[in-house]
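# Sequence and predicted structure below; questions after.
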Amino acid sequence: MRRLAMLILGGAVAAAGVGCGSDSSIDYGFYSNNHGENPAMEKKVITVDSTERIEQNQQLGLTAEGTIKGKAPGILLRVIVQDVFETSFTDGTKTPPGMRVMAVEVQIANAGARVFDDSPAAGTTVIDAAGKKYKSLPGTASVDGGEMFPNPFGLQPQDQRTALVPFVVPEGVNIKQVEFQVDKGGESGLWRIP
């Protein structure tokens, strides 16, 4: 029994030493989905190298996963843009003439050590084929096809949430990219829409 306790203690000390080096460009985050919502994401260890990761985050395809750091220490998200589709308001909001309603379905997993409490809608932008950017609607709007991210939003470490971000864009506009930025000054990911 005593030997087993020493082995466990030794393993804990060795695990605590992982990542203790002089290279400050590497962060180590751990994400475990304890809710059984997405078994493929369970117990996945994330190693983050800033330069390579930022380059990869600008070349993401739809349904690809980006690992994005916030400006504040301890903010690290795994983000997937799952879908972009046309929809309609369900709260009585009128669609302006010549415009249409779009929704972006985003999955966010908190792989950091701190609560992520910024609004995902505020950090999400859609970009058309001409490069014009469109900001999301306020958090009070609701659309058909799923739930909206709540505002205020608080995502505990190791938790995840999938919800919609609504947009109003001109009819005929072809949405080609979705950008997601973590808080003001944080990193961003860019998903290309086929």
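Noted; the coordinates are in hand.
# Which parts of the chain are strands?
Assigned by DSSP state E, the strands in the chain fall at 26-31, 44-49, 60-61, 65-69, 76-87, 99-110, 124-128, 133-135, 160-170, 175-181, 188-192.
# Lowest average confidence across these, which one?
Note on the strands of the chain: lowest mean pLDDT is at strand 26-31, with a mean of 39.
# in this protein, which residue is closest to the centre?
Residue closest to the average C-alpha location in the chain (CA atoms, centre = their mean): residue 79, at 2.9 Å.
# Quick one: residues contacting that residue.
Taking CB atoms under 8 Å, 6 or more residues apart in numbering, we find residue 79 in contact with 65-68, 106-109, 180, 189. Backbone N, C-alpha and C define where each C-beta goes, glycine included.
# For the residues you listed, name the two members farthest from one another.
The largest separation in the contacts of residue 79, counting by CB to CB, is between 67 and 106 at 14.5 Å.
# quick revisit: tell me the bridge partners for the residue nearest to the centre of the chain.
Bridge pairing for residue 79 (DSSP bridges) gives the partners residue 66, residue 108.
# ok, it to residue 166 distance?
Distance, residue 79 to residue 166, by CB to CB, to the nearest Å: 18 Å.
# Now do residue 146: how many residues are near it, please.
Counted with other CB atoms under 10 Å, residues neighbouring residue 146 total 14.
# Oh, that last question was meant for residue 175, not what I typed.
Around residue 175 there are 18 other residues, counting by other CB under 10 Å.
# Over to residue 93?
16.
# need the contact list for it.
Counting by CB under 8 Å, 6+ apart, residue 93 has contacts residue 141.
# Return the distance of it relative to residue 134.
16 Å.
# now do residue 166
Counting by CB to CB, the gap from residue 166 to residue 134 is 11 Å.
# Wait, residue 85 touches residue 126, no?
No - counting by CB atoms under 8 Å, residue 85 stays clear of residue 126, with 11.7 Å between them.
# which one of the two has more residues nearby?
Using other CB under 10 Å as the criterion, residue 85 and residue 126 rank with residue 126 on top: 24 against 15.
# Mind listing the residues bridging to the more buried one?
Beta-bridge partners, per DSSP bridges, of residue 126: residue 134, residue 178.
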